[in-house]
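Q: Mind looking at a prediction? Sequence and model below.
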Amino acid sequence: MRAFVFTDKALERYAGRFVWLSVDTENSKNADFLKKYPINVWPTMLVVDPAKERVTLRYAGGATVGQLSKLLDQAQSKTKSPADDALAHADRLANEGKNPDAAKEYERALSAAPKGWKPLGRAAEGLMMALTMTNASEPCATRAEELYPRLRGTLSGANVAAYGLSCAADLPAEHTQRAALLASLEKATRASLDDKTIDMSGDDRSGLYESLVSARKAAKDEEGAKTVAEQWAAFLEGEAKRAKTAEQRAVYDSHRITAYLDLGTPEKALPMLEQSERDFPTDYNPPARLGLIYRTMKKYDEALAAYDRALKLAYGPRKIGILRGRADTLLAKGDKEAAKETMRDAIAYAKSLPSGQVSERMIGALEKRLQTM
Amino acid sequence: MRKTILILTLLSLAPLARAKEVLPFIDNDYATAVARAKTKHVPLFVDAWAPW
C-alpha cells in the first residue's frame, strides 16, 4: 500500500475529506491504540467516527488505488440501507474480535443486499475473514463456493475463492465434501488468476498463487504443487523486475522467499536479500530473512551473523521472532545452552512489551518452547 | 490474501520504507489524529501496518 497506492496522485482529491493516520503496529507508541482497535491482519484499514471513536468501516488486506477510492466513497456515502447498517455493525464486531457474531452480521448484510449493492464484495470478504479467524473451515469453503458466482470477475471474487480454497485445504482428509470443494474453488481461483481484466495488485495475485500451491499440496500432488510454485516464482521475479523503486521491488521479497522455500531452492533468495540489505541499511527485515535462508541451507554461522545484524535494528514484537530464529539456529548447530539463553532473552523481551503488543498466550508459547529445548 | 492473517510470519504486504505520499498522514499519534478529525468534522482513516 505504502509503496504502490498512497503515492498515487489519483488519491489527492480525498486528502481533505479525512484525517489520515498511519499506525506501525510494531511501535510501542501505538500500544493504547491497539487495545482499542486490535489488529490481527496486515494491513488493515479502518474508518473511525471521531466523535464516538467507533469503527464505521473495516477492510483487512491490501487494496489498489481503484479499490481504496471505492472504500473511501463508501465510507462517506449518505445513503444507508439495512444492508449498510448490518455491514457497519459487522465491521465493528470484527474490530472487537467477536468473529462469530461478525460472521452472522456479514450474513445478514448479504441477505439484505439490494440489487447492485456496491459493498457486496467487501461484505463477502468480511464474512470469509470472520469464518477464517474462527477456524470455521467448512462454512468458509461452502459459503465461498456459493458466493463466488455473484462476484466472478472482481477482486473480491478472487479473494473469496482463494479464502475458500485455503479453508477447503484445511478440512480433514475424511471430510466427504473436501475433494469437491477443493476442485471447485481451485477452478475459481485459477480463473480469477487468469482473468487479466480484474484490477488486482501484484501481491493479490501472489496470494492466489499461494492458495493454489496449498490446494495441490492438500491433494497430495507434490508435482502439481511444484509446477504452480514455479509459475508463482516466475511471476514474482517478473514483478520485481518491473518495480520502479527499490521499495516496490522489496515488497516481493517475502513472497519470493515462500515460493523458493516451496521449491526447495532457498539459495535463490540470497541475491535479492543482499540487495535489500544494501538498499535499506536500517531495516531489520533483510538480515532477519537472510538468517532464515542460511538456517534452511544449514549455513549456521552465516545465519547467526545475519540474525545478530537484524537484532541491532529490530524493535517491537517482530524482535521476538528474530530471537526465536536465532535460538533455533543455535539448537540446529548443537549449542543447546546458548539456544536456551537466547530463548530466555526472547521471553524477557516479550514480557517488557506493552500488553497491546504481546499476549499471555504468546509468552506461554515461548516458555513452553524453552522447556522442550 | 490468506497469508495476511498469519501472525509473525515472514510475509509482508508492507514495503520497507516511507515513500512520498500524496495523503497527509500523521504517524503513530492517534490522540492528535482523532482530535484533528473532531475539529475538522471529518472521519479518521487509519492505515494499520507492520514493517515485516
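A: Structure received. Numbers count the residues shown, from 1 in each chain, chains lettered A, B, ... in the order given.
Q: Spell out whether stretch A:286-300 and chain B are in contact.
A: Yes - applying Cβ under 8 Å from any Cβ of the partner chain, one finds stretch A:286-300 touching chain B at A:Ala288, A:Arg289, A:Leu292. In short, each C-beta sits where N, CA and C put it, glycine included.
Q: Tell me which other helices or strands the strand ranked longest in chain B touches.
A: In chain B, with assignment by DSSP state E, the single longest strand is strand B:44-49. With contacts defined as 3 or more Cβ pairs under 8 Å, 6 or more residues apart in numbering or on different chains; DSSP states H and E, the packing partners of strand B:44-49 are strand A:19-24, strand A:44-49, helix B:30-40.
Q: ok, and what's touching the stretch of helix or strand A:Ala141 belongs to?
A: Using DSSP states H and E, A:Ala141 sits within helix A:137-151. With Cβ atoms under 8 Å, 6 or more residues apart in numbering or on different chains as the test, helix A:137-151 has contacts from A:103, A:110, A:120-121, A:124, A:127-128, A:131-132, A:157, A:160-161, A:163-165, A:167-168, A:170-171, A:175, A:177, A:181, A:184-185, A:188.
Q: Which ones, among those, also lie beside chain B?
A: Contacts with chain B within those, as defined by Cβ under 8 Å from any Cβ: A:Thr132, A:Tyr163.
Q: Only the buried members of the contacts of helix A:137-151: can you turn that into a PyMOL selection?
A: Entered in PyMOL, the line below selects the buried ones among the contacts of helix A:137-151, by 16 or more other Cβ atoms under 10 Å in any protein chain shown:
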select buried, chain A and resi 103+110+120+121+124+127+128+131+132+157+160+161+163+164+165+167+168+170+171+181+184+185+188
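Q: Just the CA atoms of stretch A:1-11, as CSV, please.
A: C-alpha atoms of stretch A:1-11 as CSV (Å, rounded to 0.1, in the frame of the first residue of the first chain):
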residue,chain,number,x,y,z
MET,A,1,0.0,0.0,0.0
ARG,A,2,2.7,2.5,1.0
ALA,A,3,4.9,1.7,-1.9
PHE,A,4,2.3,1.4,-4.6
VAL,A,5,-1.0,3.1,-3.5
PHE,A,6,-0.6,6.0,-1.1
THR,A,7,1.8,7.6,-3.6
ASP,A,8,-0.8,7.8,-6.4
LYS,A,9,-1.9,11.3,-7.3
ALA,A,10,-5.4,10.0,-8.1
LEU,A,11,-6.0,10.0,-4.3
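Q: before we move on, back to that, which positions in the helix holding A:Ala141 come out as buried?
A: For helix A:137-151, the neighbour count (16+ other Cβ under 10 Å) marks A:Ser137, A:Glu138, A:Cys140, A:Ala141, A:Thr142, A:Arg143, A:Ala144, A:Glu145, A:Leu147, A:Tyr148, A:Leu151 as buried.
Q: tell me which of those is nearest to chain B?
A: Using Cβ to the nearest Cβ, A:Cys140 comes nearest to chain B of the buried residues of helix A:137-151, at 10.4 Å.
Q: Look up how far A:Asp170 lies from the closest one.
A: As judged by Cβ to Cβ, to the nearest Å, A:Cys140 and A:Asp170 stand 8 Å apart.
Q: And for A:Leu93?
A: Taking Cβ to Cβ, one finds A:Leu93 at 23 Å from A:Asp170.
Q: got it, and A:Tyr163?
A: Taken as Cβ to Cβ, the span from A:Tyr163 to A:Asp170 is 11 Å.
Q: Over to A:Ala233?
A: Applying Cβ to Cβ, the value for A:Ala233 to A:Asp170 is 24 Å.
Q: A:Gly66 touches A:Ile198, doesn't it?
A: No - if you go by Cβ atoms under 8 Å, A:Gly66 and A:Ile198 don't touch, sitting 10.6 Å apart.
Q: Which of the two has more residues huddled nearby?
A: Set side by side, A:Gly66 and A:Ile198 show more neighbours around A:Ile198, with 18 against 13, by other Cβ atoms under 10 Å in any protein chain shown.
Q: List the contacts of the more buried one.
A: A:Ile198 makes contacts with A:Gly153, A:Thr154, A:Leu155, A:Gly157, A:Ala158, A:Ser192, as judged by Cβ under 8 Å, 6+ apart.
Q: Just say helix, strand or coil for it.
A: coil (DSSP: H, G, I helix; E, B strand; the rest coil).
Q: who in the stretch 101-250 of chain A is up against chain B?
A: Counting by Cβ under 8 Å from any Cβ, the stretch 101-250 of chain A sits next to chain B at A:129, A:132-133, A:159, A:162-163, A:166, A:203-204, A:207-208, A:210-211, A:245, A:247-248, A:250.
Q: hmm, 10 Å instead?
A: Proximity of the stretch 101-250 of chain A to chain B (Cβ under 10 Å from any Cβ of the partner chain) is limited to residues A:125, A:128-129, A:132-133, A:155, A:158-167, A:169-170, A:201, A:203-204, A:206-208, A:210-211, A:214, A:245-250.
Q: which helix of chain A spans the most residues?
A: helix A:222-242 (DSSP state H).
Q: Check which helix or strand the residue lying closest to A:Thr197 once chain neighbours are set aside maps to.
A: In space, and not counting its chain neighbours, A:Thr197 is closest to A:Gly153: 6.9 Å by Cβ to Cβ, 6 or more residues apart in numbering or on different chains. Assignment of secondary structure by DSSP H and E places A:Gly153 within no helix or strand.
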